[in-house]
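Q: when you get a sec, could you give me coordinates for this:
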Amino acid sequence: DSFQYEPTPDQKMCFETIENDMVWRRRPMDRLVCGDVGFGKTEVALRAIFRCVANGRQVALLAPTGVLAAQHFKTCQTRMGPDTAFNVTSGLLRGGLGPNTKAGKLMRSQIKSGELEVVVGTHALLSKNVDFKDLGLLVIDEEQRFGVKQKERLKLIAQGVDVLTLSATPIPRTLQMSLSGIRDTSTIRTPPPMRKSTITVVEPFSMDLLREAVEREIARGGQCFYVVPRIAMVEKAEEMFAAEFPGLSTVSAHGQMGRGQCEAAVENFAMGQADILIATTVIENGVDIPNTNTIIIQQAQIFGMSTLYQLRGRVGRSNQQAYAYLLHGEEQFVTEQAEARLKAMAELHELGSGFDVASRDLEIRGAGSLLGTEQSGMAGRIGFDLYMRMLKKAILQCKGLGLPPVPRTNILLPYNEGSIEGSKALKVPDTYIEDPLQRSKEESSARLAESSAVIIDMTNRWKSEYGALPKSLILKLKSLHLHASTRMLGIDLVGIDENGDGILRCPGLRPRMWAAMVNALPSGTPPPGLRAIFPPRFSRSKKGPDADYTGTSADFEISLADLVNYDSSISSDDEEEWDEFDDEEVEAMKEITSATKATSLEEANVYDYPRFVVEGLGDVKRGQKVDVMLKMLLPLAKFVKGKQEEDKERAKVAVEVREKREAMKKAKRGNKTKQGYYY
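A: All right, here's what the predicted structure looks like:
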């Protein structure tokens with residue numbers, strides 16, 4: 001309620017997916033939220049932070065600059081601080097608060113004791129002398145600003161902790177991991193209302209162009225940013241403005257200013273005490289001044305695309321038309337890559353183009369090493385398209401079946417039969433487990449059980465530790481078994497249609513997966529009464545001995561004969577076959593209508609997606625529908641679980657083989673000197 005704006009549809013989707021990650025998944029969250037500057041990524045992070053704190057755990061919010069960290073700290077204080085109804089305690093840890101200072105020692109002790117619930121900081125948060133009492137969430141803002149060493153340290157901090165990463169322009173490797181499905185990603189593309197795209201000008205530096213830009217902005221009562229790539233150039237810029245614009249006042253900001261001076265300079269500028277802010281990239285993040293709608297960047301060819309995009313995002317934060325001038329040096333000093341970057345910035349100027357800028361950066365610089373430390377490169381050697389094809393092929397081979405599970409299932413049966421949410425949530429009787437903390441822990445473990453085997457092991461342990469199960473608990477365990485099966489099979493919605501059939505929406509199901517499941521059953525046929533229906537876009541486009549259902553324009557099923565002969569493996573190197581599988585994955589990546597809050601099948605557009613049909617489920621007596629579905633779904637879920645275990649073992653072996661190869665190469669090369677030579 002403290003958010004003064006109406007969340008955009010993309011923000012609402014992010015809220016839901018992050019809730020699912022934090023509440024309904026056993027493994028820790030590792031999600032990238034990619035959205036343009038000013039599109040609401042911070043609000044997404046704030047809601048995740050509040051959820052974590054409300055559950056009694058600490059949060060670390062990491063920002064690359066002191067300016068951005070100070071802004072986040074101020075936002076946390078305003079939205080949920082001691083002066084609000086939430087009374088969340090926050091602290092700001094940044095440069096100057098070392099472990100040997102009085103203030104630094106006090107803050108570190110408050111973090112270790114848990115007195116500070118939210119800790120906002122810069123790289124100081126990564127130091128080894130910062131210990132948390134119970135860290136539950138790590139938020140990393142502007143991920144692209146951190147190097148490999150910092151990220152290696154982050155991995156140590158974030159073990160077993162939910163991680164939420166925010167970025168407008170992810171580095172090539174991070175983007176590649178997102179595009180290939182290795183990392184969970186949410187994208188915010190909806191712009192705030194009344195926002196205009198920034199006009200971008202790419203030209204060689206000239207005083208006439210500079211004078212025109214500054215005078216136009218000042219004439220309409222605005223202010224200007226002037227960005228230089230080096231701190232040593234700040235003084236020369238100040239002299240230039242004093243000579244060319246004697247009537248204008250300037251203020252400077254850079255990273256080598258004294259403690260708090262840089263933030264104070266930016267704050268004074270924001271309050272209108274100067275016309276021009278001359279700065280380095282220290283203003284790249286965390287500066288939101290609606291009255292400043294012109295930015296001039298000197299020697300723009302030196303900056304990377306991410307930095308240029310972030311700097312351009314400092315303007316255009318009101319309903320005024322904004323301008324960004326990317327002024328480069330003489331053409332002979334502009335490299336081919338720099339020219340490509342500047343050209344891309346001129347072309348990609350529309351609202352919401354941050355993801356496109358990152359994609360263009362990926363094409364220009366390459367994707368880097370997914371398993372090593374290189375954050376760019378490699379792809380250019382073989383071409384981006386071929387690299388993407390090879391990577392997707394390798395991932396599909398590792399995935400095996402590849403049926404994506406879901407974090408939760410929304411069950412819309414009469415009388416809430418089968419539901420484990422709201423009033424139907426699992427509640428262990430107080431008389432069965434008396435310790436409230438242990439009881440809450442066991443309830444969470446049961447809710448997050450990934451398979452029926454886990455639930456069986458859990459109930460056997462309960463019997464040995466607490467005695468025979470109460471009857472009320474036995475009935476609820478059936479619903480837990482059902483949810484474990486539906487989540488494993490990727491079923492996110494269950495309901496009954498007007499014909500009385502049960503409809504189980506399964507967006508990630510594909511014909512090859514269904515064939516693999518059926519062929520793995522002892523009978524080699526689908527469970528009686530269970531069918532799988534697919535939208536026409538998933539019918540095969542080419543004819544073959546196992547594809548008699550080609551060319552359909554309506555929903556289709558696969559006949560028993562086709563299921564038996566269906567080759568669900570991915571073993572050939574035929575390019576057309578791989579293109580077909582790639583097309584399926586593209587369809588799977590399209591936006592899926594959320595089923596979490598749906599109250600009917602139609603609301604979730606269930607007939608636009610693959611689905612299971614349980615014939616006559618509506619005619620089954622009250623209290624027996626869960627039993628009927630379990631009988632059909634348990635064998636399929638058991639097969640999918642087995643395939644997942646096989647995939648994990650295969651991946652483990654692949655990592656071991658890779659490590660041995662790397663060790664052999666290193667031994668063959670010898671040791672590496674600081675100059676890059678081997679001996």
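Q: can we go C-alpha only for contacts and neighbour counts from here?
A: Fine.
Q: what mean pLDDT does the helix or strand Thr459 falls within get?
A: Using DSSP states H and E, Thr459 maps to helix 452-466. For helix 452-466, the mean per-residue pLDDT is 93.
Q: show me what that helix is packed against.
A: Helix 452-466 is packed against helix 471-488, with contacts defined by 3 or more C-alpha pairs under 8 Å, 6 or more residues apart in numbering; DSSP states H and E.
Q: how about a cut-off of 6 Å?
A: Packing partners of helix 452-466 (3 or more C-alpha pairs under 6 Å, 6 or more residues apart in numbering; DSSP states H and E): none among the helices and strands.
Q: now the helices for the stretch 351-500 of the chain?
A: Secondary structure of the stretch 351-500 of the chain (DSSP state H, counting those that start in this stretch): helices located at 354-365, 379-382, 384-399, 436-447, 452-466, 471-488.
Q: worst average pLDDT in those helices?
A: The weakest mean pLDDT among those belongs to helix 379-382, with a mean of 55.
Q: follow-up on the earlier one: restricting to C-alpha, output the helix holding Thr459 in CSV.
A: Only the C-alpha atoms of helix 452-466 are listed here, as CSV (Å, rounded to 0.1, in the frame of the first residue of the first chain):
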residue,chain,number,x,y,z
SER,A,452,6.0,-38.9,-3.4
ALA,A,453,9.2,-40.7,-2.3
VAL,A,454,10.2,-37.7,-0.2
ILE,A,455,6.7,-37.6,1.4
ILE,A,456,6.8,-41.3,2.2
ASP,A,457,10.2,-40.9,3.8
MET,A,458,9.0,-37.9,5.8
THR,A,459,5.8,-39.7,7.1
ASN,A,460,7.9,-42.8,8.1
ARG,A,461,10.1,-40.4,10.1
TRP,A,462,7.1,-38.8,11.7
LYS,A,463,5.8,-42.2,12.7
SER,A,464,9.1,-43.2,14.3
GLU,A,465,9.5,-39.8,16.1
TYR,A,466,6.0,-38.8,17.0
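Q: which stretches in the stretch 551-679 of the chain count as strands?
A: In the stretch 551-679 of the chain, the segments counted as strands under DSSP state E, counting those that start in this stretch are 611-614.
Q: and the helices in it?
A: Using DSSP H, counting those that start in this stretch, helices in the stretch 551-679 of the chain cover 560-565, 575-589, 625-669.
Q: nearest to Asn20, out of these?
A: helix 575-589 (17.9 Å; C-alpha to C-alpha).
Q: count the neighbours of Gly500 for me.
A: 15 (other C-alpha atoms under 10 Å).
Q: how about it: what's its closest non-neighbour residue?
A: Sequence neighbours aside, Gly618 is the residue nearest to Gly500 in space, at 4.5 Å (criterion: C-alpha to C-alpha, 6 or more residues apart in numbering).
Q: quick one: that neighbour and Gln273, what's the gap?
A: 71 Å (C-alpha to C-alpha, to the nearest Å).
Q: distance of Asp430 relative to Gly95?
A: Asp430 is 50 Å from Gly95, by C-alpha to C-alpha.
Q: give me the more crowded residue out of the two.
A: Just comparing Asp430 and Gly95: by other C-alpha under 10 Å the higher neighbour count belongs to Gly95, 16 against 10.
Q: show the pLDDT at that one.
A: pLDDT at Gly95 comes out at 72.
Q: now it: closest residue in space, sequence neighbours ignored.
A: Ala124 (6.6 Å).
Q: what ranges do the strands span in the stretch 1-150 of the chain?
A: 30-35, 58-62, 90-93, 118-121, 135-141.
Q: partner strands of the first one, with direction?
A: Strands flanking strand 30-35 in the sheet, each with its direction: strand 162-167 (parallel), strand 184-188 (parallel) (DSSP bridges).
Q: cool, and the third one?
A: Each strand paired with strand 90-93, and its direction, by DSSP bridges: strand 118-121 (parallel).
Q: show the average pLDDT along the strand it pairs with.
A: 94.
Q: contacts for it, please.
A: With contact meaning C-alpha atoms under 6 Å, 6 or more residues apart in numbering, strand 118-121 is reached by Gln58, Val59, Ala60, Leu61, Leu62, Ala69, Ser90, Gly91, Leu92, Leu93, Arg94.
Q: quickly name whichever of these is closest to Gly316.
A: Closest approach to Gly316 among the contacts of strand 118-121 (C-alpha to C-alpha): Ala69, at 21.8 Å.
Q: surely the closest one and Leu61 touch.
A: No - look at Ala69 against Leu61 with C-alpha atoms under 6 Å: they stay out of range, at 8.2 Å.
Q: list the residues that contact both of the two?
A: In contact with both Ala69 and Leu61: no residue, using C-alpha under 6 Å, 6+ apart.
Q: on that earlier part again, between Gly618 and Gln273, who's got more neighbours?
A: Taking neighbours as other C-alpha under 10 Å, Gly618 and Gln273 compare with Gly618 leading, 19 against 14.
Q: quick one: the more buried one from Cys506, how far?
A: From Gly618 to Cys506 the distance is 19 Å (C-alpha to C-alpha).
Q: try Thr190
A: According to C-alpha to C-alpha, Thr190 stands 27 Å off from Cys506.
Q: got it, and Val163?
A: 27 Å.
Q: which one of these two has more residues nearby?
A: Neighbour count, other C-alpha under 10 Å: between Val163 and Cys506, Cys506 has more, with 27 against 21.
Q: pretty sure that one sits against Asp608.
A: No - counting by C-alpha under 6 Å, Cys506 does not reach Asp608; the two are 10.4 Å apart.
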